[in-house]
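Q: Got a sequence here, can you build the structure:
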Amino acid sequence: MRFCLFWLFACLNLTPSFASAASLNVVCLNTELTILAARASGRIGVCVSDGTNGVSVNGSEQFPLYSVFELPVAVAVLDAVDRGQIHLNDVITVSGDNTGPDHQNPGKLGSADGPKATTQDLLVRMIADNDSIATDALITKLGGPRIVQSVLVKKGIRGFHLDRSERDPRSFASQHHNTATPIAVANLLQWLVNGWLLSPHSSALLLETMGKTRAFPDRLRAGLPTGWLIAHKSAGATSKGVPGAANDVGTLMAPDARSFVVAAVFITNSRGGEQDRAAWFADISRAAGNCFQ
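A: Predicted structure coming up:
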């Protein structure tokens, strides 16, 4: 499946003006999202689009990204690769400790003179494993979080506010740093699939890596209709003293391999449990699939 997913997205990105072969029934989806919004516990933000048609709920409001922050970081890293500023096989020395949110053990990377990994290894760890140490190593390589922001701005992506490294405790504790609107994230995903952000190879590599995401499989992935694929990035902050929050964003590919929707779904200040939030996310992707013609 890994290679099938890679080549599927590689083919998509060979056509810069790629548009979904089918389309969302926005009346159907608006009805479904209205029902789901009324059922949600907390502040929600949703944007679901096929690139031409879309529906959003609080789509222009800012929401904390948490680990979804790693998606624009990946875009900035691969943009630097496309420009020849860094290379996927560059070896990076990784520093880290056991403090900060979602810490990972840098010793897993292993090295005689300190933990080391290639840019591509860190990219996979960051996206697929929510590895915050890998994320901050890549941010340091780029030159800081504001470089990530500037890359998006130069590419025409608005609606992101990125100014902290992922493991900065101030970033994690505050819902006012490293934020974005659901519409902005949906636009980034749409432009990624269409090949407008990165080279064809980098676009396919990022989508393939997102297809390996193992965190929170009970959210958008769980609601996919039969035969659909997903390349996504998820995040959660429920166990860190932060009011109940969960995010999941990604590209949902229909069985015909020519049709897709992008979905950016956020919930914060939720009073429900993690299972309730996960079921709500699954219902969003189920609705998107059911309203796709």
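
Q: Let me know the average pLDDT across the helix or strand containing Asp121.
A: Following DSSP states H and E, one finds Asp121 within helix 119-129. For helix 119-129, mean pLDDT is 95.

Q: and after that helix, which helix or strand comes next?
A: By DSSP H and E, the next helix or strand past helix 119-129 is helix 132-142.

Q: now that next one: mean pLDDT?
A: 93.

Q: quick one: buried residues of it?
A: Buried positions in helix 132-142, judged by neighbour count with 16 or more other CB atoms under 10 Å: 132-139, 141-142. The way it works is simple: take the backbone N, C-alpha and C, and place the C-beta from them, glycine included.

Q: what sits up against the helix or strand that Cys47 is a member of?
A: Taking DSSP H and E as the criterion, Cys47 maps to strand 43-49. Strand 43-49 has contacts (CB atoms under 8 Å, 6 or more residues apart in numbering) with 24, 29, 33, 37, 54-59, 61, 63, 181-183, 185-186, 190, 261-269, 284, 288.

Q: which residues of the stretch 101-250 of the chain fall in helices?
A: 119-129, 132-142, 145-154, 169-173, 182-194, 200-210 (DSSP state H, counting those that start in this stretch).

Q: Remind me what the fifth one packs against, helices and strands.
A: Spelled out, it's helix 182-194. helix 2-13, strand 43-49, strand 54-57, helix 70-82, helix 200-210, strand 244-253, strand 260-270 (3 or more CB pairs under 8 Å, 6 or more residues apart in numbering; DSSP states H and E).

Q: Check which strands are paired with the third one and give the direction for each one.
A: So that's strand 54-57. Each strand paired with strand 54-57, and its direction, by DSSP bridges: strand 43-49 (antiparallel).

Q: Now stretch 213-225: buried residues?
A: Buried-residue list, stretch 213-225, by 16+ other CB under 10 Å: 213, 215-216, 218-224.

Q: Reformat these as TSV; add distance to Val68.
A: Compiled in TSV, the buried residues of stretch 213-225 are given as follows (distance: CB to CB, whole Å):
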residue	distance to Val68
Thr213	11
Ala215	11
Phe216	11
Asp218	17
Arg219	12
Leu220	12
Arg221	15
Ala222	18
Gly223	18
Leu224	19
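
Q: got the residues you listed as CSV, with pLDDT and distance to Leu205 columns?
A: Putting these into CSV (pLDDT from 0 to 100; distance: CB to CB, whole Å) gives the following:
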residue, pLDDT, distance to Leu205
Thr213, 91, 14
Ala215, 86, 19
Phe216, 90, 22
Asp218, 94, 26
Arg219, 95, 23
Leu220, 96, 21
Arg221, 96, 20
Ala222, 96, 25
Gly223, 96, 26
Leu224, 94, 22
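
Q: Correct me if wrong: His177 contacts His161.
A: Yes - with contact defined as CB atoms under 8 Å, His177 counts as touching His161 (7.3 Å).

Q: If you count surrounding residues, which of those two has more?
A: His177 (18 against 15; other CB atoms under 10 Å).

Q: Can I get stretch 219-235 as PDB, trimmed to CA atoms?
A: C-alpha atoms of stretch 219-235 as PDB (Å, rounded to 0.1, in the frame of the first residue of the first chain):
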ATOM      1  CA  ARG A 219     -10.500  10.200  14.000                       C
ATOM      2  CA  LEU A 220     -10.900  11.100  10.300                       C
ATOM      3  CA  ARG A 221      -9.400   7.800   9.200                       C
ATOM      4  CA  ALA A 222     -12.000   5.900  11.100                       C
ATOM      5  CA  GLY A 223     -14.900   7.400   9.300                       C
ATOM      6  CA  LEU A 224     -13.600   6.900   5.700                       C
ATOM      7  CA  PRO A 225     -16.000   5.200   3.400                       C
ATOM      8  CA  THR A 226     -14.900   1.800   2.000                       C
ATOM      9  CA  GLY A 227     -12.100   2.200  -0.600                       C
ATOM     10  CA  TRP A 228     -11.100   5.700   0.400                       C
ATOM     11  CA  LEU A 229      -7.500   6.600   1.300                       C
ATOM     12  CA  ILE A 230      -6.300   9.400   3.600                       C
ATOM     13  CA  ALA A 231      -3.100  11.400   4.000                       C
ATOM     14  CA  HIS A 232      -3.400  13.400   7.200                       C
ATOM     15  CA  LYS A 233      -1.800  15.100  10.200                       C
ATOM     16  CA  SER A 234      -3.400  14.900  13.600                       C
ATOM     17  CA  ALA A 235      -2.800  16.400  17.000                       C
END
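
Q: chain center to it, what's the gap?
A: On the basis of CA atoms, centre = their mean, to the nearest Å, stretch 219-235 sits 12 Å off its chain's mean C-alpha point.

Q: Cool, thanks, talk later.
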